[in-house]
Structure formats: C-alpha cells, structure tokens
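> no letters, just coordinates:
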Ligand SMILES: Cc1ncc(COP(=O)(O)O)c(C=O)c1O
Ligand SMILES: Cc1ncc(COP(=O)(O)O)c(C=O)c1O
C-alpha cells in the first residue's frame, strides 16, 4: 500500500508515458539527456524530509499555523506599517479564481485581458486615491517603492543626494539605504522642525505622511522646502488615510508611493503586499515597473496591453529604469476589488472609523496616570504613547491577558509605544486595554 | 456615519434609480404596485434583529462556530451515517467556482454544459462504483433515496409492501416510513438470521450493506430471498466501502443507493449531502430524479441535456415518478471531483486505510477487559462495542479528555457503542482511545 | 484545420474515463501507520474498480474548463422566472465553511453543538416572523420535499381529528409541477382549479369543489403568473369553512418579504425556498432548503427534528427534539445545514427593513420590465405584476418564431433565457423574474435585447429560429436524448 | 444588431468608473461604537474622493467576467519559456490562507510567531540543500530583487576584503534582462560575453575579460537557451582565479532539481524563483519570491532578516536576525511570506525523490517536443536541451510569416504562445517550456497544432499573419499604446 509514496500527484506522466517519449527522443533514459552535467556534481540524493500526503501536509501546516498567535485571535493594537483591516469576502472570492491566480505576466494580451484590464483599473484607482497623474501596476511593497522613487528622483534631477525626515519609518529608511548605497547616493536625514534649506545637490525630499509615528507632516512646508532647492517632493502615504486626508497630489508631490496592504490584503507576516507608485505626467518615462495602457485591436475594439516597455529591463537591459520584473499583480487585483467594493463612501467611512476609534483610545490612554502622548499634531489611526515603564513589560503583561499590544519603539522615543487602532478594534477592546494599562501604571 | 445601515449591499438600485423606474411604470410609489395585498395583513415591520455589517456578521458566525466542537478539532470516532474523511483541496477549489455555484438547474443546456457534463460524469461514476446500469444525477440524501427506492420498487412491481432487515439504520427506517405511510405501503422488518420467505405482496427487500452496525450482510442470501418472491433487491451501501468490497450490482441488486457524503463532502452537521441512486436498465423509466443524457447539437457536436423528463413532476405532474425538483447538484460535482482525484487506486487505498485502522482499533478494544465485540462477521470501518458501563458515561469521560467517542446505541444493543475509524484517525489517536477505555473498564 | 472563429480549447469535451491513463492519480494518501490487518475472504472483495486515473493538474483543468461552459449569476443576468436567481453573497459561503460549522458531526453531542443549534433555533424564529407562522421545521431539503412534508402535516392534522379521511387536494392549474406530485405522494387525490380571465383563481370553480372530502388547497402566492391573488382572504375563508387547510407554496416569497403576513392572510402551512428568496446559491440544481412554517396548532406535526431552547442550569441550552406528533423524518439528519447557515447570514445582514426593501425592489424591477416590454411582447395578463412578469410570444409566433427561439436567441445576447412554457396555461409563456439584485442598466440592456430580437423576428426570423449561435454548443437534440438514452460513459463507445 | 458568432456578454468592457452610479456601494461597515471625535481642520481633510460606486453583485460579476478573459495554467497548457508555468497545487493556496499564517502580524512578538519562524527556518534549510549553498535569505520578493541583493552581496564581499573596488560584472548575451539591470543597480559596469556557435558561453571571450577589475559573472544555468553550459566548471574556476564570484540565476532550476549541486559546480550566489520552480502561482505577474542562497563564507552578507534556531531554555526557539554584515533590508518586513508558505508545502509534498523526478520529467518533456518538432521548426542549436527548447521560426519567416504570427495563431488553437524573441541572440525565437506537469497527450496536441500552423504558413499565410481570430480581442496595437499613452480612466473620456 505504500506505493503512493513513489509518485507525484502533480506530475501526470507514468513510466509507460516516459518510455514512449524516450523512444521518440531516441535515448534510453533521461540520464542520457543530462549528460552535460559534470558527473562529480551529481549523485547524492537531496537530504529532505520524506514526502507527505496531502492529508499529512495539511496537518503539519495546521500545527505550524496554530503555533502562531494571529491578529484576529483577539484584541490587537499592532500597526507600524502593516494594518489589520476588515477584508470583504468578495476580495478573496475574486482573487482565488484560477484564471487570475495561475496566469503569468500578460505577455499575450489577446488572452490576458482580465489581468490587463484589472491592472488598468488599479492604476486608475491609485491615481484617484493619491491625486496623481499616472501610476504603474504596482511594486514589491511600500518600502521598496520609496527606494525606487528615490532612485527615480535622482534620474530625473541628475542629482545624487536623497533627504528624508527623521519621522520616516526605520524600515523604509533601511530599504532606501540598500538601494541607494551601490549607486553612491547619499541618504541624509533632516529634521522637519529645523527646516533648513536642502543642499543644492538634493534630488528629492522623502516625506512619510502620516509618518511612522502616525502623525501628519506639514506637507505645504515640505513642498516649499523641496521645490525651493529644485528637489522633487516624494510622499509616502497610507492608502487608508486617503479616505480622510488630502492626497499628496494636492500638496504638489512629484512622486507619491504607498504601502497598499491596508486595502484588502491580509497581514500574512509581512507579505506579499504591494507598493503603490504614482508620479506627475512629465516623469512618466522615468517610472519603474509595469505599466498597462489602453489601445485598440485589429477590429478597433478597446483592449489593454503592457506598454512603455522601453523603460524596462527586458528591452533596455542595463539602461532600464529598474530591474523589476515579476511584481505583485495579484495584490493589485485585490486592492482594486477592495476599493470597488468599499467605494467612495466606504473608504471614507472606514478611514473615519479608524480615526474616531484611535482618537477615542488616545483620549482614554492619556487620562491614565503615567501615560502621555509625547507628540503634537494630527494623527490618523496610530499614535505614540510614553509609558511609565518599558513597553516590553507592558506588552508582556497584555499578552498574558490575551491582548497584542503596540510596537515597542523605546529605541526611538523614550519608553515609546506605538499604538494602532482600526475599525476592527471594538470599544470594548479599547476599554479593556486601558483597564490593563491602568493596572500597570 | 450611520447611513450605512440604510442600504443593502446586495441591491444596487438607488433612490434615483427607483424614481426613474417608477416613472417608467407610471406609478408614484411601489406601494401602488402592491395594492392587491389586503391592507389588513400589512403594516407591522418584521421583528428581526438589526442588520449587521459584513464585519459584524463574520464575527457573529465565528462565535457560533466556535461554540461547537467540530470533528477535525481532535480525535473523533463518530460515524453512523456521516463520515469524517479527508477531502482534497481541489474539491473545494472546483466547487467554489461561481460558474458552478451560482447556476440554476440546467434548463438552457447550451449555456449549462459545465453542470450537465459534470452530472453525466457523476452518473458514470455512480454506475461504475455500484456496478449498476444507470444512475440519476443525485437525490437529497441516502435516507430519502432509500425511501424513493422503496416507492419505485412498489411502482415497478405493483406491490405495496416493503421489507427491510433489522440491521437497517434507524434513521433510514424512519424516512422510509415517512414516505411509505401516505401511500399505504406497509413497512416490515425481517430478521436476516431467520430468513423466512418474504410475503408474496412484497415489492422489495431493503438491505443496508455494510449495515448500520458496520457489518456486511449475506447479500447472496438476500438476493435469493428477494428474487424468490418476485421482490426487488434494494441495496443501500456506503461508497467508500465500494473501494474494497464487491458492489451491489455484482450481487444482483435491482436498485442500489448510497449516501454520497463520504466522497468529498464535509460533515456540515448533517447536510447538504447527496443520495446516489442507480438501478438496472429495465427500470430506468421508473427512476425518480434528474437524469442527464448525451446527445448532439445542431452542428453534430456532442452535448448534454436533461432527459427523460416525462418522468418528472414538471411534465407529468401528479403522475410523476417523484416530486423531486431542486436536488443536490453541487454535491454531485464534489463527488465527481473527489473520485476523479482519488481515482481507481486512491479509492481502494482510502478504503483499505479505513479497514486496517478500524480492525486494528477493534483488535485493541476487544483486548481491554470488559469490552467485547458482540457481532460476528466482516465489518468495514465501523463496529459495535459492548461496554462495561453505559456508553454515555464513556463518551462523557472521553470528551473530558478531548476525544469524541462513538455513538451510543444502547437502545439497540445492550451497552452498545458504535465506533467508527477512518483514515483520519492516527494510530496514536486509536491507542489513546484504548488507554482511556482501559481506565474506564 | 481550425476555423477562424472557433474556440477549440473549449471544445475538447473528452470525458474523464476517456482521459484516463493507467497509473495516473491525483492525490497521495498517507501511509498505513497501524499493523496491516487480515483482509476478508476474496469473494467479498472487489475485483476491478473502473474509475478514472488522472493527475491532479488534469482534474483542475478539466473542471475549470467545464465551469467556463456554464452561465451563472456570477457572470450575468439570469432572469429565470420562478427561480429567483439573485446575487449570492460571497460572505455567506465563507461563513458556512468555517470549520466549526462545516466539520461539525451531525451526531455531535449537545455540548459540542450548541452554536449550531442556536443558529437553527434563531433561524426558525426568523422564518416564523417572516411568514407569520411560528411553527418552523428546517428539515426539508428543498421546496418539493417541504411540500410533501406540508401535505403530510395536513394529513396528520385531519387524522388527529378523527374524522373520516379527507382525500381531496385542490391545486390551481397554474401551479408548479411539484405541487400535484407532492400531493399524490402524500396520498391525496389532486383536483384542479382553473384560473379566470384575469389570471386569478376561479372562485366560483373553487366553490364547486368544496365539501367534506376536502383536505386542503395548495396555493402559490403570488401565483406562478407573478400575480397576487386578490381574493386570497375569501379563498382561505372558504377552504377553512369546509374544514380544509391552506397550503402556501412560498417559492415566490421574494415578492412578499416584509409586505404581508402569510398567517394573517389565512395560510396554515407554508414552505420557503431558501435557495430562492434567501439567496443561497443554487449550485446548478441544489442543494436547497425548504423550511416548513405552520400555524401554532400544527407545530406538533412538523417533520423532525426541530431546535428548541431550554433553560438549563442557569444558562440557556439548545437541543433537537421530535415534535410530539411529528410526521417523521425526511432525511437521516437535520436538513441541509450548510444552506441554512447561509440563509441565516443573509437575514442577519439585511434585517427587517432590508428584507422589506428586497421585495419592493423585486416588484419594481419586474414592473419596470413589464412597462417597457409590453408594447413589443404580449402580457399574459394586462395588469400590474409582483416580482415576475409573464410574457407571451404569441405575437411573435404569428410571425413564425416561437418563444423557445426567442429564449435561445437571448443567449446570443449574453442573457440567460426566461423560464419557457410555464405556467402551462399561458401560450408561449416567457416568465421573467429579474430579482432585486439587478441594476437598472442591466434591465435596460435586457429590454434592448428583447426589442432587438423582436426586430429580428421581422427582419431575419431564421436567425432567431436557429439560435443560439454563439454558445459553446448549438441547439441540442433533446428528442434524440430521450429516444436513445445515453446516460453514462461506457468503455469502447464514444 | 448582434452578429451570429459574437459573444456580446464578453464584450461589455466598461470600466468601474463608467459603471459608477452615485449612492451605490458594495459593503456595509459597522456603526461607530465609540463617541465621535473631533475631526482635524478642514484644510487637512480630503475634498472629493472619486472612487467607483458600485454594488456588490456588480463587483463580483465584473471581476468574474474579467477573469474569463484570461488564459491560465488552470485552463490550459502554458508553455511560456523561462517562466516555468507548472501546475500550482490547490492545497498550497489553502494552507497559506490558514488564519494562523494569513493573519499573522509581521511585528508579532517572538512567542506569537514561532510557527511561522520555524517554517522559514526549515525552508531556508530545504533551499540550502537543493542548491548546495547553505546560507539562505528568504527576503527577496522576486527574482530580480534577489539578483540585486546577490550583486550587493558580491559587492560587500569584495569590499570586506579591502581590495581596490572591482567594478566589472560579466553577463552573457543570452541573459535575461534583469541580470544587466540588476548589475547596474548594484553599481557595476556590465560587460557582455558572447555565446559560441553551440549556444555555449564563449570561453575564449571570457578569458579576455578576466582581470583585477572583475567582480564576478552572472550565469544562468541551464542558460536561457535551455542548454546546460558544458564548461561550467572551467568557467567558475577561471572567474574564481581572477578573484571574481559566480552568480547563478536560478530561474531555470526546474531542470536541475536534485540533479546537480550548484555549490559543487562552483556557484557562490544563486537565487531561486519560487514562483517558477517551486510552483507558487504567478498571479498574473506576481507575487513571487526569490530566495538568495550563498556559500558559507558569504552568509554574513545576506539581506536581512534571516531565521535562526536557538536553544532556548530547554526548548528550541526561532527568531529573525540580521546577518552580521548584511547588505540591508529589501522590504519593510520578511519577504513574501505567503509565497514562502506555498513553496514550503510544495517541497514537503514532494521530498527529495519527488523533486528529482520533477526535473527529469521537465527535461524529458522538453526533449520530446524538440524531437517531434525539429523537422518542422528549426532549432536554435541542434543538441539535446534541458527543461526548455528554443525553436526558431526562420524557416517560416522565409515563407513570410513571423514567429510572432505563429505565436498568435497558437492562441486560436487554444494554447498559450511560447516566449517570443527571447533570448535576443536567436532569430525569431520561440522558447518553449512545457514543465513536468503536462501530459504526453497535451504535448502531442501542442505538436499537432504547431504542425498544422506550419501547414497553414504554406497554404494560407494570411490566416496566420492576422491571427488570433478566436480570442476575446484581436491583435492589439501596441505601438499606439506606447505613442499615445492612455494609462488610466479619466472622467468624460472613453
Ligand atoms: C412555484 C414553485 N414551487 C415549488 C418549487 C419546488 O422547489 P424545489 O425546487 O426547491 O424543490 C419551485 C421550484 O422551481 C417553484 O418554482
Ligand atoms: C532567466 C530569468 N532570470 C530572472 C528572471 C526574473 O525573475 P522575476 O520575474 O522573479 O523577477 C526571470 C523571469 O522571467 C528569468 O526568466
């Protein structure tokens, strides 16, 4: 009965099929076809665990999954770049359709109009959301989008210095550094308070808005600062905030990027997410990434194709605007379905729910003796709490009560704790949290 | 912000749409269209709970779901007509496709070839499995199929008495009684041991094989018994057992039915399942239910249609072979995908896994002092244990240790306990069970 | 060689068994982890088991391609009259597949199934409220089974009163075929009642059929003509006066949600089709669910089981019980639970006002179609309709094109056809039920298609008569299918 | 009026914004359950937010119909060379959507993410074993990003040795475009190496490029010509001798699974494409995952983070760490975890022998196509191939039909086209990669289609030149798309 270990359920051909094919090829065994492989690198079978049947596989993964505490398992106040939002079932229903899921990049547009039209929708939605002229079909994630935006700004301006505020996510900052370093681009931190003029060789000013700490920046001032030095203004934003706050395009941003995860993509331990990437029209040909365009077919019917490919690596090779190839198309589809489902009123409402709940939580927290909100200004759904004891201790105590607390950012703000509240946090959860904080005061 | 309570996300038309439509209709309000409804039955709004947003709905259902202890949550030894088997992911992937899920009964065959061809496959698979000539596209469940088989036998023979063995599932027996009663058909229990000749007015002998207690019947003897009196032999079987045991067709069954749930259908607290229904060719026109046939289209291409509809209620009305209309088509699809995926070797293996594990469990249980197997013969994956104390107590004790025990059948067999073991029960689960039994001896 | 316009990949229709290759398989099973046991004697064992042998990629591709040959609500408008092909919310499928529901064993003991039982209990309450008939059993697995059950309730009721057996069940000529079939299965004699010139039940004819043998009447409300019976109160009064009960076929409840209390109207027993009114997906022909709702005094006869709430020690507790004089079980377990979960979710999402809006929109959409189409297509009855409108292609027939042809031609326009030739009493019937989940734009496009087809009937009737032209297969030979039944694959035949 | 053969319902291509109707929406949100807070000043708030307003049924129908316009592995054979379009097991999608994985927060503290970290740790080990390069980072989100990361590892390595900067990166002319693009992004000067007449890298040319400025070489193995570089050992030796490192583009690893140890071959750094070799679905262009595997001495430079196992108090514990000299982060978090889960599941389902069988079948399938097609279509290089075969339509071009036309005509036959015009060094290239998950029958049907098209090239070249004819849209005007970019919907334009 153990014969079942010896075949792959995913490969159809049987020993007889193989024999017939070998005969057609005119060889006696597959080994003969592999003759170019030096014999001394062959031999040892792979030391991998025994294959599992599907039943065992599911069991193993269930054990691994249940060894995690996921973000829907109970109250959760973690954010910091990845957000717990409600995802309507239609998003999953659409994105799990095999025709979307198991297609490649749409190289044959005549049989890929589904992927292409969806990407065109995505580009439209990104432009509408960010109030920008043009958008690409999506990048790996928000952080790498920001890095690519910095490189793009250097190409556009011919300069090689990138300035960013000190309120930028440290994760984003690291990724910018990874991408900028090899191109000898200097990455420089500037303090938004002391808004000194930028150095004249600055290609762009990177501003996160809301910033890593959840607060809005003074974008009009940042716009003046950047443009006064001939630098581009690059804004990294959160798409859920776009339901409530003025978009980058209305502040004169030249490039706007965002982590798209908030829009219908599950947390999934950090990925796959998607980077939204948009810019002003004049910079279009310096944009990285896939772009879908509308055109006509031989009969004059509307159709969609990948376009402006001369920017891309497979045409331009070492002179391409980026090396990106496979990106996050399916996530773009999910974003499009999410936004279509929530629509104009829904996104506004979702953003407002986040806003009101976060502000309610903040108002309660700061009334607990010992806790304060050290930062001034307007925040969206995240804010920094200064705690009376190390946030790590607080998180530990919360976890014991089944609550996932905020992110410990005491390395950035003394006793700092970054708390996130979304529409998924009920009033009761918020009040339970505050009760525990009071105990820990 | 609470405007969202006032609309249905499932209905698109807006107040403006409605206004335009009312104008086209030429009335001022929908009320006017409802004028035929007597005013005294109108008025009071439905006293239903407040509508929920999708997010709240999911939360409510999650609470309800988690108030159950489901059969994959830990060791489970319950069977008795509903079985815990592994279901490959492809079954769910296919059955959740909107084109299958949201289609109606295929009344327009030109745009329903998916449903129709799948049903034809299902009919083929049922015939192959049961070794019968023809099958329909499925009935509500196994028990109602047996009832319909009894009625059919009465139509075929012109007789009005139905005999069944006392090893028939009490649930099936009840359903047969429900259907037979109004047609003044007598339902009579016979003892397989004392194989008296059947009364001459007997239309059929109903035999469950494996029977309710998990054991095979002496089908050759039953065949002689039935046919000797001119009665039909109706066999109710379990499709998983068909991977291992001789099928009803090889024993001369005239009608064979089965509960199809074992073949890729989740337990779902008892439904939806599907009844498999097959018979010998001469009785085809007395068969209830939908039947799909192969034919050709105007261009001579193969196509499938609902056929032999003159048996059915929508044509024949009060002279129909049955009143069945909506049945369980989607479950038939799931069965077809399941059988295609397991295939010939897989179904055999799955059945053997059940057999060996159940027999291993039986061998251990009967070695525990105080426990015995009161029944003789060959069983498949279920067997009756006679316990040293009331099975209810044993089940309670098991539950406290996280194990779902067997079905208490002490009303049928003194201290009787019906234990089911499938491929999903690991050796360890079996041995844990036996350990607890020993404690309870 | 392949034609310019053909879609060859949609035409590889080989069956699984024709694709079977010895040794292929789609899934691997776990190894045996217990000592191998002795198998029973050979003569009990199966010899050959002739099932397909295909790999997993082939299974996925085969069924995915089959699915693409289907028309569905998820792809376009499905105005199939009497079937209420409304949108099936995706979230309902998701909640029904939560492991705590989808993997709950039907024999799970009470403490292990409180969530499911509570759901059933609450759903019973919801449906009792919707119909105005508080006794509810969720056991029937579809409308037709509910009809049988309801008929048996009526039978049991009469028997319980110890009178002489009442054997007559009145059924209007417009009734769905399941009604007479169910009545017969329930042991009654079916007596037909004609409709009058307005499409209403002929009250005078009814009066002639009343009497001591009358067990009851099966009425569909609105009728299958999409019309609300204006004499319904009188009808119920008359039947009750004769000692009969009134059965309501609730398949058309989408017209009445929140608009009328069926109990107040005089119905004694009513079934609902959750797969119609309550948006559970039809699955290509099921599963459905047909809850049976009865007035207080009949609850003891309901099919088993029903869910009950009891005050346990302190906390409330739910359990399944068998009504005292139950007509019995209809299936091995508790009905199509997975369908019931979806209906529960639907009701919770909409609430009372939402359900009421459903029927309003359903009626408005139907009347919009009626108003816009009646110049081109004759109405079966020229009056306001409820949730569906029955057209007649009489006028087109005079120009040589049948309703069937028009239905088939609609497929070319990308729409599903209406229900054809039902109700039987309407010549060339085309029964159109738009449902509330369609947009005005979709209705407009459908109207435009029917108008264009009416043009074609004049300008190019042959185009219509030979339709459909753009579907995966052309018009199918149903006569041949019935004459030479080919109902299963057989080795060596193609 | 509608044409006989048209499929109008597939042609309603209106965009969401064109379908938008004020007041419609697809989902209801929960009511606010906390006291309403003061909103910030008006000037910070958004004025109009111009998003579509559509109902839920419309969303489902719109995207379902879009999906039906797509070709996919789930529908038919997808022999797109270099892309490894193999079957994507459905179970892998299911396990990736388990709540414990799909809803795990990336900042979840260690004790809350042990299952995920263990999975990552084990997957690193599996991939180290598969490549023979034990240092593994799962952070790169696709092949191209892994290339950049790998290039940066090479850069960091050279820097760590304190030598003068090495700036030259050698890249064969057959390389995928991502290689030169990544090398440039990594700060290197790209120097091309030609292929010889056998399709092998020209060793003599290589020798001429070696020297003190050499940072390394990027080699694809098998090459994009589907050929195994016979001089690979020599090549690696030469590069190493010059102080350079060898980067292996592992996109074609499907040919080598279990057949060759890349570390033993001499590679220093290799990326894998999990969305190719390890069967994770391509999603219409991602997400992918591009783990980077390096030899022991380079592990300290790997991109952050990597998973590590530590012996906690008694029990083992997993955590994410930043390698000591890491080139840094590539994304905000830990890579495309959801993709990694699927690849993990794939490896667990197949094990060592299963993976080895994969490459054997992939190579056999490709050679079968080669053997059966070479009489009709010229081979780029007339020798045994690995997992893919590169044909040339030179012969057909002489008859006036280009490779592009043949590719488009294949769509009419229900097959996806091969990769066209790549590698750039092959005239009229048609690069065919069957993968191991296709049946012999499918390959035979594909061969028959290519044979039939070759006939058509002689008998009816125009039929081929104007193909495709049966697809949802005809041949698209790509030049116009690039000349007049129309990249988004705008109000008032259609
Ligand atoms: C009016 C009417 N009654 C009864 C039924 C039978 O319901 P079911 O198909 O659920 O058995 C139908 C179904 O088409 C119907 O339209
Ligand atoms: C040979 C080769 N290298 C690299 C890549 C780039 O990989 P990705 O698309 O994952 O970025 C590809 C993808 O097509 C490829 O074929």
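Cool, got the structure. Bear in mind that the values here come from a model prediction, so they are computed numbers and not experimental data. Numbering: from 1, shown residues only, chains lettered A, B, ... in the order given. Ligands and ions are numbered 1, 2, ... in the order given.
> find the helix or strand that residue 349 is a member of.
Defaulting to chain A. helix A:329-365 (DSSP states H and E).
> try again with chain C
helix C:337-373.
> what's the next helix or strand after that helix packed up against?
Next helix or strand after helix C:337-373 toward the C-terminus (DSSP H and E): strand C:378-379. Helices and strands touching strand C:378-379, by 3 or more C-beta pairs under 8 Å, 6 or more residues apart in numbering or on different chains; DSSP states H and E, are strand C:389-392. From N, CA and C alone the C-beta is placed, and that goes for glycine too.
> would you mark the buried spots in the helix or strand following the strand it packs on?
Heading C-terminal from strand C:389-392, the first helix or strand you meet, by DSSP H and E, is helix C:394-398. Within helix C:394-398, the residues that qualify as buried are C:396-397, counting by 16 or more other C-beta atoms under 10 Å in any protein chain shown.
> who touches helix C:394-398?
When contacts are defined by C-beta atoms under 8 Å, 6 or more residues apart in numbering or on different chains, helix C:394-398 is touched by residues C:377-378, C:402-403, C:406, C:427-428, C:454, C:457.
> quick one: whichever helix or strand comes after it to chain centroid distance?
Sequence order places helix C:403-412 as the next helix or strand after helix C:394-398, per DSSP H and E. Helix C:403-412 sits 22 Å away from the centroid of its parent chain (C-alpha atoms, centre = their mean, to the nearest Å).
> so what does helix C:403-412 touch, helix or strand wise?
Under the contact rule (3+ C-beta pairs under 8 Å, 6+ apart), helix C:403-412 is packed against helix C:394-398, strand C:419-420, strand C:429-432, helix C:440-459, helix C:461-465.
> between that helix and helix C:440-459, how big is the angle?
Angle between the axes of helix C:403-412 and helix C:440-459 is 130 degrees (criterion: axes from the mean of the first three to the mean of the last three C-alpha atoms, to 10 degrees).
> what's the farthest-apart pair in the contacts of helix C:394-398?
C:427 and C:454 (17.1 Å; C-beta to C-beta).
> looking at those two, which is more packed in?
Higher neighbour count among residue C:427 and residue C:454: residue C:454, with 21 against 13, using other C-beta atoms under 10 Å in any protein chain shown.
> wait, does the helix or strand bottoming out on mean pLDDT in chain A contact chain D?
Within chain A, no helix or strand scores below helix A:313-316, which has a mean of 88 by mean pLDDT, DSSP states H and E. Yes: interface with chain D: helix A:313-316 contributes A:313-316 (C-beta under 8 Å from any C-beta of the partner chain).
> any of those residues buried? List them.
Buried residues within the residues of helix A:313-316 next to chain D, defined by neighbour count using 16+ other C-beta under 10 Å: A:313-314, A:316.
> how much space between residue C:279 and residue C:408?
The gap separating residue C:279 from residue C:408 is 28 Å, by C-beta to C-beta, to the nearest Å.
> the closest residue to residue C:34 other than its chain neighbours: neighbour count?
Setting aside the residues directly before and after it, residue C:34 is nearest to residue B:360 in space (C-beta to C-beta, 6 or more residues apart in numbering or on different chains), at 3.9 Å. Burial of residue B:360, expressed as a neighbour count using other C-beta under 10 Å, amounts to 22.
> would you agree residue B:360 is in contact with residue C:37?
Yes: using C-beta atoms under 8 Å, residue B:360 is in contact with residue C:37, at 6.0 Å.
> pretty sure residue C:263 sits against residue C:131.
Yes: here residue C:263 reaches residue C:131: they are 6.6 Å apart, a contact under C-beta under 8 Å.
> which of those two has more residues huddled nearby?
residue C:131 (30 against 20).
> for that one, give me its contacts.
Applying C-beta under 8 Å, 6+ apart, the residues near residue C:131 are C:250, C:253, C:261-263, C:267, C:270, C:272, C:293.
> ligand 1 contacts on the stretch 251-400 of chain C?
Proximity of the stretch 251-400 of chain C to ligand 1, by C-beta under 6 Å from any ligand atom, involves residues C:251, C:273, C:288, C:290.
> 8 Å instead, please
Taking C-beta under 8 Å from any ligand atom as the measure of proximity, the stretch 251-400 of chain C contacts ligand 1 at C:251-252, C:271, C:273, C:275-276, C:286, C:288, C:290.
> top of those by neighbour count?
Tallying neighbours with other C-beta under 10 Å puts residue C:290 at the head of these, with 33 neighbours.
> burial check on the nearest residue to that one once chain neighbours are set aside, number of neighbours?
Closest residue to residue C:290 apart from its sequence neighbours, by C-beta to C-beta, 6+ apart: residue C:146 at 3.2 Å. When neighbours are defined as other C-beta under 10 Å, residue C:146 has 33 of them.
> I figured residue C:146 hits residue C:288, correct?
No: if you go by C-beta under 8 Å, residue C:146 and residue C:288 don't touch, sitting 9.4 Å apart.
> tell me where the stretch 1-150 of chain A has strands.
All strands of the stretch 1-150 of chain A, identified by DSSP state E, counting those that start in this stretch, fall at A:134-135.
> quick one: contacts for the residue of it found nearest ligand 2?
For the stretch 1-150 of chain A, the residue closest to ligand 2 is residue A:105, as judged by C-beta to the nearest ligand atom, at 7.7 Å. Contact analysis of residue A:105 by C-beta under 8 Å, 6+ apart lists A:290, A:306, A:325-326, A:329, D:282, D:284-286.
> still on that earlier bit, ranking the contacts of helix C:394-398 by neighbours, who comes first?
Going by other C-beta under 10 Å, residue C:406 tops those with 27 neighbours.
> would you check that that one makes contact with residue C:464?
Yes: here residue C:406 lies in contact with residue C:464, judged by C-beta under 8 Å, at a distance of 6.6 Å.
> can you confirm the residue nearest to residue C:290 is in a strand?
No: counting by DSSP: H, G, I helix; E, B strand; the rest coil, residue C:146 is not found in a strand; it is helix.
> and it, what pLDDT?
pLDDT for residue C:146: 98.
> next up, the contacts around it.
Residue C:146 touches C:140, C:271-272, C:290-292, counting by C-beta under 8 Å, 6+ apart.
> list the contacts of the residue lying closest to residue C:178 once chain neighbours are set aside.
Spatial nearest neighbour of residue C:178, excluding adjacent residues (C-beta to C-beta, 6+ apart): residue C:144 at 4.2 Å. Going by C-beta under 8 Å, 6+ apart, residue C:144 touches B:313, B:323-326, C:178, C:181-182, C:290.
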